[in-house]
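A.B. asks: my questions are about this predicted structure, shown below with the sequence.
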Amino acid sequence: MQKSRLLIMMLTIIIVIGSLGLLTGCGNTAGTAGKELALITDLGTIDDKSFNQGAWEGLKKYATEKGKTFEYYQPTEQSTTAYLDAIALAVTGGAKVIVTPGFLFEEPVFLAQDHYPDIKFILLDGSPNDGDWDNGPNFKTGSNTVGVTYAEHEAGFLAGYAAVKDGYHSLGFMGGMAVPAVKKFGYGFVQGAEYAAQELGLTSGAITIKYFYTGGFAATPEAQAMASSWYNDGVEVIFACGGAVGNSVMAAAEAAGKKVIGVDVDQAGESATVITSAMKELSVSVYDCITDYYTNKFPGGQDIVFTAANEGVGLPMTSSKFANFTQADYDAIYAKLAAKAIDIWADVRDGADVNIVDIPKSIVIVNEY
């Protein structure tokens, strides 16, 4: 807990500096007075075609429709200190509601929610905690905070199911850092592919999946080279589930004439190789939470999960490029998910990873290390 005490002292210093107007590093007309809706980006920009953009679109949509002032702030680096700097700057700028997209904000929001009791925080993809993972973190979602997470395993399931139903038999899953959200996407992807294979009556081993975590969320030559080797080995489509890792996979797919499944938001505009995307409805969840604030229904102190049941995950069928998988097919499987008629596990079993446990009957998992 010594770490938490030091961070609290650091946050107090940041607040004092912020009150003197000395903070810098904001991404867009920083510190403009009266901006009551604010978003702190997770290093990236609001047009990153991913998590930041999805959250920003929800905030902007509400603000534009309701005539509210809004702003975004871009931290100078990936650190708790930099995130707290940006939060302090947003508060100085008049923010009443602050949206923080990404699990890296768990610790900053844990600290900030107590120091800014009059500010409402919407934390996407996580729950506030003190970051003490060595000893077991202390979780606390304050009365002025809502933690929003998503059923990534359901979105991954839809992607795997659609891919097999569309006729793809050689698949790949390339995740970024092996954090819970990324793992859940992968677990769901495997189970969706298996479910479709069973419906189609495919024989054992008819579906193969290469499975790998790159260890980061950056576009790298190594990720592109691995994706290229997978495509050369016969992989038809790769579920790229790792932020900018997807850019590496898309580059490899463009060179090989193969396909990609995007993640988090609709990435169809990123590359012609993207056949669909396993989406978290980020804009919907942000819009709904802000609506709750202005209608005096803000779910403070709660951790909310967006699932198929509340239309929190899905595939963008209007932009998807399927040859055989139809809207009717999608509606039917989505209805089953929404009704909880399919049991999809979201976590490891017996301490093992999806690569080595519960291997489905129709699928061969190929470990890539």
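C.D. replies: That came through fine. Residues are numbered from 1 along each chain as shown.
A.B. asks: determine the longest helix present in this structure.
C.D. replies: Looking across the chain with DSSP state H, the single longest helix is helix 180-200.
A.B. asks: next SSE downstream of it?
C.D. replies: Toward the C-terminal end, the helix or strand that comes next after helix 180-200 (DSSP states H and E) is strand 207-213.
A.B. asks: now the element after that next one, going C-ward?
C.D. replies: Remark: after strand 207-213, the chain's next helix or strand is helix 221-232, criterion DSSP H and E.
A.B. asks: go through that following helix and flag the buried ones.
C.D. replies: Residues of helix 221-232 classed as buried: 223-224, 226-228, 230-231 (neighbour count, 16 or more other Cβ atoms under 10 Å). Glycine gets a C-beta too; all of them are placed from N, C-alpha and C.
A.B. asks: ditto for stretch 170-183
C.D. replies: Buried-residue list, stretch 170-183, by 16+ other Cβ under 10 Å: 170-177, 179, 181-183.
A.B. asks: again, but for stretch 205-214
C.D. replies: Those buried within stretch 205-214 under the rule 16+ other Cβ under 10 Å are 207-214.
A.B. asks: before we move on, back to that, now the longest helix of the chain: mean pLDDT?
C.D. replies: Averaged over helix 180-200, pLDDT sits at 92.
A.B. asks: report the angle between it and strand 207-213.
C.D. replies: With axes from the mean of the first three to the mean of the last three Cα atoms, to 10 degrees defining the directions, helix 180-200 sits at 180 degrees from strand 207-213.
A.B. asks: what is helix 180-200 packed up against?
C.D. replies: Using 3 or more Cβ pairs under 8 Å, 6 or more residues apart in numbering; DSSP states H and E, the elements in contact with helix 180-200 are helix 152-165, strand 170-175, strand 207-213, strand 237-241, strand 274-280, strand 363-367.
A.B. asks: which of those is buried the deepest?
C.D. replies: Mean neighbours per residue, mean count of other Cβ atoms under 10 Å, is largest over the helices and strands packed on helix 180-200 for strand 237-241, with a mean of 29.
A.B. asks: in TSV: the buried residues of helix 221-232, plus pLDDT and distance to Gly314.
C.D. replies: TSV is the format used below for the buried residues of helix 221-232 (pLDDT from 0 to 100; distance: Cβ to Cβ, whole Å):
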residue	pLDDT	distance to Gly314
Ala223	96	26
Gln224	97	28
Met226	96	28
Ala227	97	25
Ser228	98	30
Trp230	97	26
Tyr231	98	27
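A.B. asks: lowest-confidence stretch among the helices and strands packed on helix 180-200?
C.D. replies: strand 363-367 (a mean of 58).
A.B. asks: you'd agree Val237 is up against Ala163?
C.D. replies: Yes - contact criterion Cβ atoms under 8 Å: Val237 and Ala163 qualify, at 5.7 Å.
A.B. asks: what residues do the two have in common as contacts?
C.D. replies: Common contacts of Val237 and Ala163 (Cβ atoms under 8 Å, 6 or more residues apart in numbering): 171, 261, 275.
A.B. asks: how close does the first one get to Ser204?
C.D. replies: Translated: Leu171. Leu171 sits 16 Å away from Ser204, going by Cβ to Cβ, to the nearest Å.
A.B. asks: could you do the last one as well?
C.D. replies: Between Ile275 and Ser204 the distance, using Cβ to Cβ, works out to 26 Å.
A.B. asks: need the three-state assignment for Val260.
C.D. replies: strand (DSSP: H, G, I helix; E, B strand; the rest coil).
A.B. asks: how about the contacts made by the nearest residue to Ala244 once chain neighbours are set aside?
C.D. replies: Computed as Cβ to Cβ, 6 or more residues apart in numbering, the closest residue to Ala244 that is not its neighbour in sequence is Ala219, at 4.2 Å. Applying Cβ under 8 Å, 6+ apart, we find Ala219 in contact with 244-248.
A.B. asks: quick test: name the residue nearest the centre of the protein.
C.D. replies: In the chain, the centroid-proximal residue (Cα atoms, centre = their mean) is Asp264; its distance is 5.1 Å.
A.B. asks: chain center to the helix or strand where Tyr72 lies: distance?
C.D. replies: Using DSSP H and E, Tyr72 maps to strand 70-73. When distances are taken as Cα atoms, centre = their mean, to the nearest Å, strand 70-73 is centred 20 Å away from the chain's centroid.
A.B. asks: report the buried residues of it.
C.D. replies: Going by 16+ other Cβ under 10 Å, strand 70-73 has these buried residues: 70-73.
A.B. asks: sweet, I'm off.
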